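# coordinates for the following, if possible.
(one chain, ligands or ions: 2)
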Amino acid sequence: MAHPVTMPRQGWTMETGSVVEWLKRPGEFVRQGEQLMVIQSDKAANEIEALESGYLDIPSDAPAVGAEVPIGTLLAYLLTEAEARERGLHIPNPSPGKSPLPNPSPVATGEGLPDPTPTPREGERTPANPAPSPPSRRERGDVAFDGLALLRAMLRIRKVEEALARAHQQGLVHGACHTYVGEEAIATAVCAHLDEGDTIWSTHRGHGHALAKGVPPREIAAELFGRSTGCAGGRGGSMHLFKPEVGLMGTSGIVGPCILLATGAGYTSSLLGDGRVSVAFFGDGASNNGAFHEGINLATIWNLPVIFVCENNQYATEVPFASVSKQPDVSKRAVGYGLPGVTVDGNDVRAVWEVAREAVDRARAGLGPTLIEAKTYRTRAHSEGMRDAGYRSVEEIDAWKGRCPIRHLRATLEREGHQPESLDAIEAEMDAEARDAIAFATESPWPDGRTAADHVVGWVAGTPVAGGI
Ligand SMILES: Cc1ncc(C[n+]2csc(CCOP(=O)(O)OP(=O)(O)O)c2C)c(N)n1
Ligand SMILES: [Mg+2]
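Ligands and ions are numbered 1, 2, ... in the order given. All right, here's what the predicted structure looks like:
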């Protein structure tokens with residue numbers, strides 16, 4: 001099938017754009033996720049990745065390089081080999097033997113999804129036939145390391161976010177979209193030790209945290225699409241995901257305060273003696289915000305059941321952590337406050353799982369907070385549609401793609417004797433789940449405009465009034 005390539009929306013305000021440069025030649029085979037062209041929007045020039053695989057065909061009546069055209073204008077097609085030959089395209093790189101469509105690799109690489117939605121086999125887990133809810137950690141007693149469950153959870157995040165990134169490029173996601181691609185091991189391993197009643201407090205990069213804590217992919221996709229079926233009714237978008245029923249107390253675009261909010265939740269639990277643990281996820285950038293020092297100090301002196309998880313991906317937007325901290329290890333700051341601090345390889349899910357277990361056990365036992373620093377890397381741009389050049393090198397990004405936490409765990413599981421086919425099946429299931437989430441969001445209704453003032457609280461003559469004033 002010929003896949004159209006259209007002028008993508010970049011950022012919030014773009015209405016028109018122009019092709020600055022094609023990064024592939026006509027007839028060249030382009031793999032899904034590869035950089036295809038450079039687009040100039042009203043703000044910046046961005047490299048745009050191919051949403052599908054295929055042979056590039058730029059029709060003669062397509063807009064010329066440099067011509068400004070509205071979003072959605074047809075720019076090119078990505079064709080199958082047969083279609084390309086039929087259209088008389090010169091194919092410089094024909095695939096040996098079979099057509100390279102679709103992407104044959106079943107392993108999550110961070111560079112795109114396998115194309116076809118597999119037909120589920122009888123009894124196979126699908127969105128329509130979900131696995132039964134597992135017993136809580138307290139019901140189970142202490143949990144053993146379950147590599148397959150963690151692989152599934154990491155793949156869920158990867159597949160949903162890659163699908164969201166594609167949807168963002170198509171203009172279906174409203175607002176910003178900061179992905180967690182490359183960092184999945186951290187939330188997955190930490191949340192594996194939490195019950196529904198435990199709370200997490202998240203950031204602008206929060207889809208992975210929300211999914212790991214149990215927010216269904218459909219509700220996240222619908223929220224980013226602004227639909228009424230989203231977890232915040234379509235009112236919040238990517239940076240305002242809420243689902244207190246499963247302990248997701250909110251993602252937030254304000255860098256830092258989640259540390260204080262988690263501390264406040266820990267204070268509540270300590271007063272009530274309810275045995276709950278709260279977790280703050282935050283970045284290296286947030287560790288230089290005053291909230292970090294205030295929250296950690298307070299939680300430590302009051303022995304609060306809080307876990308502080310610094311996801312040190314080495315950059316705050318385009319600012320290298322090395323340029324804003326003489327001390328490269330955030331965990332070493334713990335010495336100054338008197339709580340345990342540990343640095344762990346954030347791309348090794350088992351390693352994060354081990355340190356998180358100890359931290360959660362300490363918190364539940366009333367022994368106070370722990371600061372965990374997970375060293376990691378985001379392998380996509382800071383936010384979808386933003387440029388990802390100039391402040392870090394392609395070699396650095398590629399090296400970290402090679403340290404993909406999902407691939408790392410998969411290799412371990414194969415060494416332990418798991419059949420590749422069974423791991424492929426988990427990946428196919430998560431792929432189908434992500435596609436289902438996007439379809440659900442696409443088909444969901446917009447919020448009713450008459451409900452715009454619902455959940456808005458104000459005061460009239462000193463009296464609180466809910467639902468519009
Ligand atoms: C209080 C505040 N200051 C600045 C910003 C602008 N800002 C948005 S994301 C970001 C970088 C945050 O970096 P980090 O905490 O390392 O998280 P990462 O994006 O790397 O996951 C900044 C500075 C903000 N949103 N809030
Ligand atoms: Mg960072």
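
# so which residues of the stretch 1-150 of the chain form strands?
Using DSSP state E, counting those that start in this stretch, the strands of the stretch 1-150 of the chain run over residues 3-6, 16-22, 29-30, 35-40, 45-49, 54-57, 68-70, 74-79.

# which of those strands comes out lowest on mean pLDDT?
When these are ranked by mean pLDDT, strand 45-49 comes last with a mean of 85.

# ok, back up a step: most tightly packed of the strands of the stretch 1-150 of the chain?
Highest mean neighbour count of those: strand 54-57, a mean of 25 (counted as mean count of other C-beta atoms under 10 Å). (Each C-beta comes from the backbone N, C-alpha and C, glycine too.)

# from the contact counts, what lies against that one?
Packed against strand 54-57, as judged by 3 or more C-beta pairs under 8 Å, 6 or more residues apart in numbering; DSSP states H and E, are the following elements: strand 29-30, strand 74-79, helix 81-86.

# neighbouring strands of the shortest one in the sheet, and parallel or not?
For strand 29-30, the pairing partners within the sheet under DSSP bridges are strand 54-57 (antiparallel).

# if we can go back for a sec, of the strands of the stretch 1-150 of the chain, which is nearest Asp195?
Of all the strands of the stretch 1-150 of the chain, it is strand 45-49 that lies closest to Asp195, at 38.4 Å by C-beta to C-beta.

# which helices and strands does the closest one pack with?
If contacts are counted by 3+ C-beta pairs under 8 Å, 6+ apart, strand 45-49 sits against strand 35-40.

# just checking, what packs against the strand it packs on?
So strand 35-40, by 3+ C-beta pairs under 8 Å, 6+ apart, packs with strand 16-22, strand 45-49.

# give me the three-state assignment for the residue in the stretch 351-469 of the chain positioned nearest to ligand 2.
The minimum distance from the stretch 351-469 of the chain to ligand 2, using C-beta to the ion, falls at Arg378 (7.5 Å). Put simply, Arg378 is coil when judged by DSSP: H, G, I helix; E, B strand; the rest coil.

# distance check, it against Ile48.
To Ile48, Arg378 is 18 Å away according to C-beta to C-beta, to the nearest Å.

# same check on Phe321?
When distance is defined by C-beta to C-beta, Phe321 is 28 Å away from Ile48.

# cool, and Glu34?
Computed with C-beta to C-beta, the distance linking Glu34 and Ile48 is 10 Å.

# up against ligand 2, what does the stretch 201-350 of the chain have?
Contact residues (C-beta under 5 Å from the ion) of the stretch 201-350 of the chain with ligand 2: 283-284, 313, 316.

# could I get the strands of the stretch 1-150 of the chain as CSV with distance to ligand 1?
Shown next, in CSV, are the strands of the stretch 1-150 of the chain (distance: least, C-beta to the nearest ligand atom, whole Å):
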stretch, distance to ligand 1
strand 3-6, 29
strand 16-22, 24
strand 29-30, 29
strand 35-40, 22
strand 45-49, 18
strand 54-57, 33
strand 68-70, 29
strand 74-79, 31
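
# to ligand 2, which of those lies closest?
Smallest distance to ligand 2 across the strands of the stretch 1-150 of the chain (C-beta to the ion): 20.4 Å, for strand 45-49.

# strand partners (parallel or antiparallel) of the closest one?
Sheet pairing for strand 45-49, assigned by DSSP bridges, gives strand 35-40 (antiparallel).

# got the angle for the partner strand vs strand 74-79?
Calculated by axes from the mean of the first three to the mean of the last three C-alpha atoms, to 10 degrees, strand 35-40 forms an angle of 180 degrees with strand 74-79.

# relative to Phe145, how far out is the nearest residue to Val352 once chain neighbours are set aside?
Spatial nearest neighbour of Val352, chain neighbours left out: Ala189 (3.7 Å); criterion: C-beta to C-beta, 6 or more residues apart in numbering. Ala189 is 9 Å from Phe145, where distance means C-beta to C-beta.

# same question, Thr188
From Thr188 to Phe145 the distance is 12 Å (C-beta to C-beta).

# more neighbours: those two, which one.
Thr188 (29 against 13; other C-beta atoms under 10 Å).

# help me confirm that that one is found in a helix?
Yes - according to three-state DSSP, Thr188 belongs to a helix.

# near ligand 1, which residues of the stretch 101-250 of the chain show up?
Within the stretch 101-250 of the chain, the residues that sit near ligand 1 (C-beta under 6 Å from any ligand atom) are 204-205.

# just the helices in the stretch 101-250 of the chain please.
Secondary structure of the stretch 101-250 of the chain (DSSP state H, counting those that start in this stretch): helices at 137-140, 147-169, 184-191, 207-213, 217-224.

# need those in TSV (columns: distance to Gly336 and mean pLDDT).
Listed next are the helices of the stretch 101-250 of the chain as TSV, based on distance: least, C-beta to C-beta, whole Å; pLDDT from 0 to 100:
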stretch	distance to Gly336	mean pLDDT
helix 137-140	32	51
helix 147-169	33	97
helix 184-191	23	98
helix 207-213	27	98
helix 217-224	37	98
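
# want to try CSV for the strands of the stretch 1-150 of the chain, with distance to Val355 as columns?
Formatted as CSV, those follow (distance: least, C-beta to C-beta, whole Å):
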stretch, distance to Val355
strand 3-6, 44
strand 16-22, 45
strand 29-30, 41
strand 35-40, 36
strand 45-49, 34
strand 54-57, 44
strand 68-70, 51
strand 74-79, 44
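
# what separation do you get for the residue nearest to Leu413 when sequence neighbours are not counted and Met1?
With C-beta to C-beta, 6+ apart as the criterion, Leu413 has its nearest non-adjacent residue at 5.2 Å, and that residue is Gly147. From Gly147 across to Met1, the span is 37 Å (C-beta to C-beta).

# please spell out which residues along stretch 293-312 are buried.
Across stretch 293-312, burial judged by 16 or more other C-beta atoms under 10 Å covers 295-296, 298-300, 303-312.

# list residues touching both of Ala189 and Phe145?
Taking C-beta atoms under 8 Å, 6 or more residues apart in numbering as the contact rule, Ala189 and Phe145 both touch 350, 353.

# just flag the most distant two among the residues of the stretch 201-350 of the chain next to ligand 2.
Spanning the widest gap among those are Asn313 and Ala316, at 8.8 Å by C-beta to C-beta.

# touching the helix or strand hosting Ala411 from outside, list them.
If you go by DSSP states H and E, Ala411 is part of helix 405-415. Under the criterion C-beta under 8 Å, 6+ apart, residues 107-109, 147-148, 150-151, 154-155, 158, 182-185, 346-350, 420, 423 lie in contact with helix 405-415.

# how far off helix 147-169 does that helix point, in degrees?
For helix 405-415 against helix 147-169, the angle by the same axes, to 10 degrees is 150 degrees.

# CA atoms only: put the helix or strand where Ser270 lies into PDB for me.
Ser270 belongs to helix 257-272 when assigned by DSSP H and E. Only the C-alpha atoms of helix 257-272 are listed here, as PDB (Å, rounded to 0.1, in the frame of the first residue of the first chain):
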ATOM      1  CA  PRO A 257       7.600  20.300  43.000                       C
ATOM      2  CA  CYS A 258       6.800  16.600  42.600                       C
ATOM      3  CA  ILE A 259       9.600  16.100  45.200                       C
ATOM      4  CA  LEU A 260       7.700  18.200  47.700                       C
ATOM      5  CA  LEU A 261       4.300  16.700  46.900                       C
ATOM      6  CA  ALA A 262       5.700  13.200  47.400                       C
ATOM      7  CA  THR A 263       7.200  14.400  50.700                       C
ATOM      8  CA  GLY A 264       3.700  15.700  51.700                       C
ATOM      9  CA  ALA A 265       2.100  12.400  50.900                       C
ATOM     10  CA  GLY A 266       4.800  10.700  53.000                       C
ATOM     11  CA  TYR A 267       3.900  13.000  55.900                       C
ATOM     12  CA  THR A 268       0.300  12.100  55.500                       C
ATOM     13  CA  SER A 269       1.100   8.400  55.600                       C
ATOM     14  CA  SER A 270       3.300   8.800  58.600                       C
ATOM     15  CA  LEU A 271       0.600  10.600  60.500                       C
ATOM     16  CA  LEU A 272      -2.100   8.100  59.500                       C
END
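
# thanks again, I'm all set now.
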